[in-house]
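Peer 1: here you go, sequence then predicted model.
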Amino acid sequence: MEALKKAIDAFVNAFKIEDLRKKLLFTLGILIVYRVGAHITIPGVNSAVLAEFFRNSNNLFGLYDSFTGGAFAKATVFALGIMPYISASIIIQLMGSVIPAIQMLQKEGQEGRARLNQYTRYFTVALAALQGWGISVWLSSLKVTTATGTGVSVLADDFASGVGNIGFRLLATLTFTAGTVFVMYLGEQITSHGVGNGISLIIFAGIVGGFPRAVLAELEMLKEGIQPLAIEIFILAIVVVIIGFIVFVEQANRRIPLQSPRRTVGSKVMGGQSSYLPFKVNTAGVIPVIFASCIMFIPAMIASWFPNMSAMQAFATAFIPGHITYSVFYGLLIIFFTFFYTAIQYNPNDIAENLKRSGGFIPGIRPGKKTAEYIDHILTRISLPGSLFLALISVGPLHLKDALNMSFYIGGTSVLIVVGVALDTLRQLEAQLHTKNYEGFLKHGRIRGRMAS
């Protein structure tokens, strides 16, 4: 309750400051545009037939659809969402560890990051086009069995065969690619002119956008007697426990004590104060989960390119969320990306060097190399439980879907992303609030000083 009150107070106070109010309204407006685009179906697709397919089958794209807020199941212009951009970012970052030229750009500061961002955008277009073509091929071959036992094509009659089918594939590929590029642009605009990380908020909006549909589906199952009331209460309790556990771990951190030396400046003695260097238990946040999720979508995407190959479909079926193969690989990828992203974000040598330059030191640890080794040891120790936490909260709940006959993925993945992004956005909002208050205090002090003079 205290955390909720704190969040509400932060938003209320933000709307009292004109600059922050504009940023919040801008962010909200961009997210509304994204959600509107997630309901515009591309030409040639019978959305009712496609919805029937997703409703009656345990398909490969259920988790992907939850990330796009239902945009994929409707074959909308934003069906691919922001996932191609995230996949491109993963590949570029991984290439940085093996290609010296990219590694140099990563160390060149703002200019190098700008170059890498441009390469990521180009790669995003290529991946979106490739994935868009695969989905268009899958849609053009997809037929849904009706109650009478006949197969109905997902495409309209004019696009179901011949030249019309080729035209649909080209049009769908172009539309999906353009949609991804536009979503990428929206995310960058939020980061530049709004509040929070735009890409994370786009994913957040997609997941949250699917919540009302999931709640209505569960209520419908309860109304029709398909799902007992006790099970629905149990599901709600699980969601509450998962959210509470995530918030608890997200707030946990390991504090390394720091000491600054005393210095005499004139007649004053400065320094000698104790502080600490905080490291979160979940040092990598939600990034490993997002990265691992993108990788786990690859089998389904490849299978969509070969809809008539039974071997490829059988391979992809092993990677359906909830399958043991999916769970093992997904958990291992999350653990790998946790250590990988932590290594990118925190360089013990740089931290030790900065402490040495500022005169700070860790009590009992020699400055320089010994400090770097100590920090690396601490990061390794806290990254392990952090990675296991991410793997457990992401993999575990997936197995409850079939066990509880749920109509949606309870996915700790989705809850983790929603909670993590919400907390991160709240922190950024509070930081900007403190900055505005501090600036206001300084300006107020200067005005009083002028009046006194």
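Peer 2: Everything's here; your move. Residues are numbered from 1 along each chain as shown.

Peer 1: for the strand or helix carrying Ile334, packing partners?
Peer 2: In the assignment (DSSP states H and E), Ile334 maps to helix 324-345. Counting contacts by 3 or more Cβ pairs under 8 Å, 6 or more residues apart in numbering; DSSP states H and E, helix 324-345 is packed against helix 287-296, helix 369-395. Just so you know, the C-beta spots here come from the backbone N, C-alpha and C atoms, and that holds for glycine as well.

Peer 1: with just CA atoms, put whichever helix or strand comes after that helix into CSV.
Peer 2: Moving toward the C-terminus from helix 324-345, the next helix or strand (DSSP H and E) is helix 348-358. Output of helix 348-358 as CSV, limited to C-alpha atoms (Å, rounded to 0.1, in the frame of the first residue of the first chain):
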residue,chain,number,x,y,z
PRO,A,348,34.6,-3.6,-12.3
ASN,A,349,37.8,-2.0,-13.7
ASP,A,350,36.1,1.2,-14.6
ILE,A,351,34.3,1.4,-11.2
ALA,A,352,37.5,0.8,-9.4
GLU,A,353,39.3,3.4,-11.5
ASN,A,354,36.6,6.0,-10.8
LEU,A,355,36.8,5.3,-7.1
LYS,A,356,40.5,5.7,-7.1
ARG,A,357,40.3,9.0,-9.0
SER,A,358,37.7,10.4,-6.5
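
Peer 1: how distant is helix 348-358 from the center of its chain?
Peer 2: Centroid separation between helix 348-358 and its chain, computed with Cα atoms, centre = their mean, to the nearest Å, is 31 Å.

Peer 1: tell me the angle it makes with helix 369-395.
Peer 2: 130 degrees (axes from the mean of the first three to the mean of the last three Cα atoms, to 10 degrees).

Peer 1: just for the stretch 251-400 of the chain, where's the confidence low?
Peer 2: Applying pLDDT under 70 to the stretch 251-400 of the chain flags residues 261-273, 304, 307.

Peer 1: endpoints of stretch 94-101, how far apart?
Peer 2: End-to-end span of stretch 94-101 (Cα to Cα, to the nearest Å): 13 Å.

Peer 1: mind listing what's buried in that stretch?
Peer 2: For stretch 94-101, the neighbour count (16 or more other Cβ atoms under 10 Å) marks Gly96 as buried.

Peer 1: just stretch 12-27 next, same as before
Peer 2: 14, 17, 20, 23-24, 26-27.

Peer 1: and what of stretch 333-348?
Peer 2: Under 16+ other Cβ under 10 Å, the buried positions of stretch 333-348 are 333-335, 337-343, 346, 348.

Peer 1: which one of those sits closest to His193?
Peer 2: Tyr341 (26.2 Å; Cβ to Cβ).

Peer 1: now the helices for the stretch 151-300 of the chain?
Peer 2: Counting by DSSP state H, counting those that start in this stretch, the stretch 151-300 of the chain has these helices, from start to end: 162-193, 198-223, 229-251, 287-296, 298-305.

Peer 1: may I see those helices arranged in JSON lines, with distance to Leu127 and mean neighbour count as well?
Peer 2: Putting the helices of the stretch 151-300 of the chain into JSON lines (distance: least, Cβ to Cβ, whole Å; neighbours: other Cβ atoms under 10 Å) gives the following:
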{"stretch": "helix 162-193", "distance to Leu127": "8", "mean neighbour count": "18"}
{"stretch": "helix 198-223", "distance to Leu127": "15", "mean neighbour count": "18"}
{"stretch": "helix 229-251", "distance to Leu127": "30", "mean neighbour count": "14"}
{"stretch": "helix 287-296", "distance to Leu127": "10", "mean neighbour count": "24"}
{"stretch": "helix 298-305", "distance to Leu127": "10", "mean neighbour count": "19"}
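
Peer 1: nearest to Leu277, of the ones you listed?
Peer 2: helix 229-251 (17.1 Å).

Peer 1: what helices and strands are in contact with the closest one?
Peer 2: helix 198-223, helix 369-395, helix 412-452.

Peer 1: go with 6 Å
Peer 2: Counting contacts by 3 or more Cβ pairs under 6 Å, 6 or more residues apart in numbering; DSSP states H and E, helix 229-251 packs against helix 412-452.

Peer 1: grab the nearest non-local neighbour of Arg169.
Peer 2: Leaving out its chain neighbours, the residue that sits closest to Arg169 by Cβ to Cβ, 6 or more residues apart in numbering is Ser136, at 4.2 Å.

Peer 1: please identify the buried residues of the helix or strand encompassing the one you found?
Peer 2: Per DSSP H and E: Ser136 is located in helix 109-141. For helix 109-141, a neighbour-count test (16+ other Cβ under 10 Å) marks 116, 120, 123-125, 127-129, 131-140 as buried.

Peer 1: for it, packing partners?
Peer 2: Using 3+ Cβ pairs under 6 Å, 6+ apart, the elements in contact with helix 109-141 are helix 83-96, helix 100-106, helix 162-193, helix 298-305.

Peer 1: domain ranges for the chain, per the record?
Peer 2: Per automatic domain parsing, the structural domains of the chain span 21-227, 230-453.

Peer 1: just the buried residues of stretch 12-27 now: which is nearest Val239?
Peer 2: Nearest to Val239, judged by Cβ to Cβ, of these is Thr27 at 25.8 Å.

Peer 1: next one: the closest one from Ala178, what distance?
Peer 2: For Thr27, the distance to Ala178 equals 23 Å [Cβ to Cβ, to the nearest Å].

Peer 1: what's the answer for Pro278, then?
Peer 2: Distance from Pro278 to Ala178, by Cβ to Cβ: 43 Å.

Peer 1: Val33 now?
Peer 2: On the measure of Cβ to Cβ, Val33 and Ala178 end up 14 Å apart.

Peer 1: please report how far Val415 lies from Val247.
Peer 2: 10 Å.

Peer 1: same check on Val98?
Peer 2: 37 Å.

Peer 1: now Ser192
Peer 2: 29 Å.

Peer 1: could you do Ala205 as well?
Peer 2: Relative to Val247, Ala205 is positioned 20 Å away (Cβ to Cβ).

Peer 1: before we move on, the earlier item: let me see the mean pLDDT of the helix holding Ser136.
Peer 2: Averaging pLDDT along helix 109-141 gives 87.

Peer 1: so who does the residue nearest to Ser47 when sequence neighbours are not counted touch?
Peer 2: Take Ser47 and drop its neighbours on the chain: the residue closest to it by Cβ to Cβ, 6+ apart is Thr41, 4.8 Å away. Counting by Cβ atoms under 6 Å, 6 or more residues apart in numbering, Thr41 touches 47, 74-76.
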